[in-house]
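Peer 1: dropping a prediction and its sequence here:
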Amino acid sequence: MTTPPHSDLFQLVRGPIDPAALVRQVRAAEDGAIVTFDGFVRNESRGRRTLYLEYEAYESMALAKMAEIAAHIHAKFSIHRVAIVHRLGRLEIGETSVFIAVSAAHRSAAFDACRYAIDTLKRTVPIWKKEYFADGAVWADGELPPVPATIPGTTPAAKTAS
Amino acid sequence: MTTPPHSDLFQLVRGPIDPAALVRQVRAAEDGAIVTFDGFVRNESRGRRTLYLEYEAYESMALAKMAEIAAHIHAKFSIHRVAIVHRLGRLEIGETSVFIAVSAAHRSAAFDACRYAIDTLKRTVPIWKKEYFADGAVWADGELPPVPATIPGTTPAAKTAS
Amino acid sequence: MATVSQSIRVKVLFFGRIKELIGRAEDSADLPAGASIERLFAQYTALHSELAKYRPSLVASCNQEFVEWTTLLHSGDEVAFIPPVSGG
Amino acid sequence: MATVSQSIRVKVLFFGRIKELIGRAEDSADLPAGASIERLFAQYTALHSELAKYRPSLVASCNQEFVEWTTLLHSGDEVAFIPPVSGG
C-alpha cells in the first residue's frame, strides 16, 4: 500500500476487494462526486464459457505504473483523490478484478479521470490474465504497452544499487 | 421501488442510501463492468460554508422521469441494468444525495450511460435543493427542464381518472 | 350534450420557492372548460402578484409531463409550475 | 580503470506465456559490458528457439520502465520481456 501526497492508494491484493473501503479512502467533505469503476469476471469470453481466471503481475512495476496513472490524472483533471486496486491470483466468475474510485468537487472531472485511469491501466500496467475454459487455458489477448520517447543513449536508473 | 423489465431500480428515499445494495441490484454474471456515480453534500457552495441541505421532489413525476432516463440509456447504450436513487429531506455534509449504478458487458457503455443518467437527472427530474448557510437559506440555482416537442392540441392523458 | 360554459376542476401542485410564495403545496382550481395552463397561472398571479416575475423561470407540467403553457386542461388533470430543478 | 571486456550481470524477469516458455520466473544473466537488451534477448533465443517468434509481440522494460530494445544495460539492471498486458 502506497499513500503519496494526495492520499491516493494503489494496491495489488490476493483476496477480495472491498469497494466501500476504497470509496472511504477517496471521500472528503470538500468533494461532491465520486465515480467508481468495478471490473469483474464475466462468465464468458468471445463466446466460450469461462470457468475462472488467474491474474499475475510484475508487481513492483505495476504499482509504479498505477502511481504514474494517478500522477497523470491529477495533472489533467481537477480531481481530489484516486484509489486503484487490482487483484491477483485465481478469481471466480463475478469477482472484482479491478476497482478504481475517483473523488472530485464536480462530476465531470471524476468521470473523465476514472475512465482515463482504467483505459490507461489496461494498456500500460504489467498484469496478465489467463482464462480457464472447460477445454483448456489461454493467456488473454492484450495490448502491447507503448514505449515512451526516450533521450537516445540514456537508460532508466536502477532502483536498487547493484 | 419500481422494478421494470431489466430489473432496473428507481427510488426516492428519506434515509441513508446504501451503495452496496444498489450495486448488487445491477450486478450479474454476464456483465463485466459497473460504473457508479455518488453525489454527496459538499461543505461549501460558491464560496459559502454550507450547513446542510434539504431536498424535495414532485415524487410521482420524479420517479416517472427516472424511469424515462433508464429507458433512454437502454436504447442508446449496450448496458444491462441501472439503479437510480435520490434522497429527500435533510442531508448533512458528506451524505449521499444521489447514487447511480450501471452494469454492462463492457466498460465504455457503462461509463457513457452513467454519465448520461446523472447529466439528464440534473436537467429533467423535478427535485429541488435548498441550501442552508449560517446567514440564511436559498433555493439552489437549477436548470429549467426542456419541454419536449408535442403534437399541437394534444394533452398528456391524466394518469388517474377524475 | 355539453353546456356552453361548463367548468373544469384541476389539481395544482407547488414546489420549492413557488410553494413558499403561494403558502401551500397543493390546491384545487376551477376553470372554464377549454382553459390553458397559462390561464390557470393567471388565476394565481391575480391572487399572488409576486408570482408573475417567476413566470420566465418556470416550466409547466400536466399529468407528470413537461408541456407548453398553451396546453388545454381537462377535469382531473394534475398541473404543476416547475421551478428550475436542482437534484443530484 | 575499466578493463576492455568487463562483463555485467543483470536480473531478468519472465511473465505470462514467456515465463511458461522459459520455465522460470527469474534469472540472472551475464553479458559483455555495453550489451543491449536486444543482445540479452538473443542469449535466450539461443537457448529457447521458440522464443524468437514472440519478439514482435514483446516490449522490453529496464528498471520498471518500458524502454527501446537498443537500451544499453548496466550491472544490477532489472530487465523484463513484457508480453501484451491484459489487466483490468
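Peer 2: Perfect, I can see it now. Owing to the predicted nature of the structure, the values given are computational and were not obtained by experimental measurement.
Peer 1: just the CA trace of stretch A:38-53, in CSV.
Peer 2: Extracted in CSV, the C-alpha atoms of stretch A:38-53 (Å, rounded to 0.1, in the frame of the first residue of the first chain):
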residue,chain,number,x,y,z
ASP,A,38,-15.7,-2.0,-10.9
GLY,A,39,-14.3,-4.6,-13.4
PHE,A,40,-15.3,-8.2,-12.6
VAL,A,41,-15.0,-11.6,-14.1
ARG,A,42,-17.6,-12.3,-16.9
ASN,A,43,-19.0,-15.8,-17.3
GLU,A,44,-17.9,-15.9,-21.0
SER,A,45,-15.1,-14.7,-23.2
ARG,A,46,-15.6,-14.5,-27.0
GLY,A,47,-18.5,-17.0,-26.8
ARG,A,48,-16.7,-19.5,-24.6
ARG,A,49,-17.9,-20.2,-21.1
THR,A,50,-15.2,-19.1,-18.6
LEU,A,51,-14.5,-21.3,-15.6
TYR,A,52,-12.2,-18.9,-13.7
LEU,A,53,-9.3,-16.6,-14.3
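Peer 1: quick one: it near chain D?
Peer 2: Yes - with Cβ under 8 Å from any Cβ of the partner chain as the criterion, chain D is reached by stretch A:38-53 at residue A:39. Glycine gets a C-beta too; all of them are placed from N, C-alpha and C.
Peer 1: equivalent analysis for stretch A:122-130, please.
Peer 2: Yes - where contact is defined by Cβ under 8 Å from any Cβ, part of stretch A:122-130 touches chain D, namely A:122, A:123, A:124, A:125, A:126, A:127, A:128, A:129, A:130.
Peer 1: quick one: contacts of that stretch?
Peer 2: By Cβ atoms under 8 Å, 6 or more residues apart in numbering or on different chains, the list of residues contacting stretch A:122-130 from outside reads A:53-58, A:61-62, A:65-66, A:68-69, A:86, A:88, A:97, A:137-140, A:142-143, A:145-146, D:15-16, D:61, D:66, D:80, D:82-83, D:85-88.
Peer 1: ok, now stretch A:67-74?
Peer 2: A:2, A:4, A:6, A:8, A:10, A:79, A:82, A:84, A:102, A:113, A:116-117, A:120-121, A:124-125.
Peer 1: now, which of the residues you listed sits nearest residue B:31?
Peer 2: residue A:121 (18.7 Å; Cβ to Cβ).
Peer 1: what's the first helix or strand after the helix or strand of chain A with the lowest mean pLDDT?
Peer 2: Ranked by mean pLDDT, DSSP states H and E, the helix or strand of chain A with the weakest confidence is strand A:44-45, at a mean of 90. Using DSSP states H and E, the helix or strand that directly follows strand A:44-45 along the chain is strand A:48-57.
Peer 1: and that following strand, what does it pack onto?
Peer 2: Applying 3 or more Cβ pairs under 8 Å, 6 or more residues apart in numbering or on different chains; DSSP states H and E, one finds that strand A:48-57 contacts strand A:79-87, strand A:89-92, strand A:127-133.
Peer 1: ok, back up a step: which of the contacts of stretch A:67-74 fall within helices?
Peer 2: In helices, defined here by DSSP state H, the members of those are A:113, A:116, A:117, A:120, A:121, A:124.
Peer 1: show the buried residues in those.
Peer 2: A:113, A:116, A:117, A:120, A:121, A:124 (16 or more other Cβ atoms under 10 Å in any protein chain shown).
Peer 1: out of those residues, which is nearest to residue C:71?
Peer 2: residue A:113 (43.2 Å).
Peer 1: show the pLDDT at the closest one.
Peer 2: Residue A:113 carries a pLDDT value of 98.
Peer 1: do you know how far the closest residue to residue A:57 other than its chain neighbours is from chain C?
Peer 2: Nearest in space to residue A:57, with sequence neighbours left out and distances taken as Cβ to Cβ, 6 or more residues apart in numbering or on different chains, is residue A:127 at 4.4 Å. Here residue A:127 is placed at a distance of 35 Å from chain C (Cβ to the nearest Cβ, to the nearest Å).
Peer 1: what do you get for residue A:121?
Peer 2: Taking Cβ to the nearest Cβ, one finds residue A:121 at 28 Å from chain C.
Peer 1: right, and that residue touches residue A:66 too?
Peer 2: Yes - look at residue A:121 against residue A:66 with Cβ atoms under 8 Å: they come within range, at 7.1 Å.
Peer 1: list residues touching both of these two?
Peer 2: A:84, A:86.
Peer 1: low-confidence regions, the chain specifically.
Peer 2: I went with chain A, as the question did not name one. Scanning chain A with the threshold set as pLDDT under 70 gives A:1-5, A:150-162.
Peer 1: switch to chain C, that's the one I care about
Peer 2: Checking chain C against pLDDT under 70 turns up C:1-5.
Peer 1: what about the residue of it found nearest chain D, neighbour count?
Peer 2: Nearest residue of chain C to chain D: residue C:88, at 29.0 Å (Cβ to the nearest Cβ). Applying other Cβ atoms under 10 Å in any protein chain shown, we find 24 residues neighbouring residue C:88.
Peer 1: what's the answer for residue A:137, then?
Peer 2: 12.
Peer 1: what's the answer for residue A:111, then?
Peer 2: 23.
Peer 1: and it, how far from residue B:111?
Peer 2: Going from residue A:111 to residue B:111 by Cβ to Cβ, to the nearest Å gives 7 Å.
Peer 1: same check on residue A:65?
Peer 2: Distance from residue A:65 to residue B:111, by Cβ to Cβ: 21 Å.
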